[in-house]
Every structure is written in C-alpha cells, then in structure tokens.
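*Asks:* would you be able to build a 3D model of this:
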Amino acid sequence: MTMSQILITSRDPKCLHAVGLFEAVCNKSKLDETRAQRLNEHGDGLQDGIAKLIAGLTTPDQYANEEVRSRYTYLKEYKGPKSIANQIRTIVKIFGLDPS
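*Replies:* The predicted structure is shown next:
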C-alpha cells in the first residue's frame, strides 16, 4: 500500500468535518468550568485516545490477514435455511403477532 505524500491537517476541508464532530460532542457534553478544566488537564490522555481512534478508524483492511481456518461444520442433519414464509410463520408464533 502506498501512502499519499500530501498530509492533511485539521484546517483542510477533508478534515474539517471530523474537527466539527469533536466540537459538536464537546458542546453536547455540557461541561461546567471544573469538568472543562479537568479535560484540559488530561490533554495528553485525550490526544492519545484521539490518535488511537483515528488510527483505528482509518486503517483499511485492519483484520484482513486474521482469518483462520475452522474445523466447525454444520451437522449432517442440517438441511439449510427455512423458506422465508416458514421463517415468518415461526416469528409470528414466537412473538404472538397477527399473521396478516
């Protein structure tokens, strides 16, 4: 995978939406002066958490190479999924719904 040589900053239009999302969450948090100060005092932890979140959300195919073989199979008696009509009848019966 080759990475783009252009690095995007928080002021770039491609990143402004994410910055706005943080602002929206901060505004909805209803912080008083004490809680806002506490947030500022834990800036390193906030930065670390945001960095991990950004890395996790922007890493493509993060688990692509983690597929493993399985020895589990269906029982030989399994005949495949029931028809949609049969599934609906079963759900209607379980939840006591009106079948019409």
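*Asks:* okay, now the unreliable bits of this structure?
*Replies:* 1-4 (pLDDT under 70).
*Asks:* mind listing the strands for it?
*Replies:* Using DSSP state E, no strands are assigned anywhere in the chain.
*Asks:* which parts of it are helices?
*Replies:* Assigned by DSSP state H, the helices in the chain fall at 13-28, 33-41, 43-58, 84-95.
*Asks:* distance from the second one to the middle of the chain?
*Replies:* It refers to helix 33-41. 27 Å (Cα atoms, centre = their mean, to the nearest Å).
*Asks:* how far away is Thr73 from Gly80?
*Replies:* Per Cβ to Cβ, to the nearest Å, Thr73 is found 13 Å from Gly80. The way it works is simple: take the backbone N, C-alpha and C, and place the C-beta from them, glycine included.
*Asks:* now render the helices of the chain as CSV, adding distance to Glu67 and mean neighbour count.
*Replies:* Compiled in CSV, the helices of the chain are given as follows (distance: least, Cβ to Cβ, whole Å; neighbours: other Cβ atoms under 10 Å):
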stretch, distance to Glu67, mean neighbour count
helix 13-28, 30, 10
helix 33-41, 40, 10
helix 43-58, 19, 10
helix 84-95, 29, 10
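*Asks:* could you dump the ones you listed to JSON lines with distance to Arg69?
*Replies:* Below are those laid out as JSON lines (distance: least, Cβ to Cβ, whole Å):
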{"stretch": "helix 13-28", "distance to Arg69": "38"}
{"stretch": "helix 33-41", "distance to Arg69": "46"}
{"stretch": "helix 43-58", "distance to Arg69": "26"}
{"stretch": "helix 84-95", "distance to Arg69": "30"}
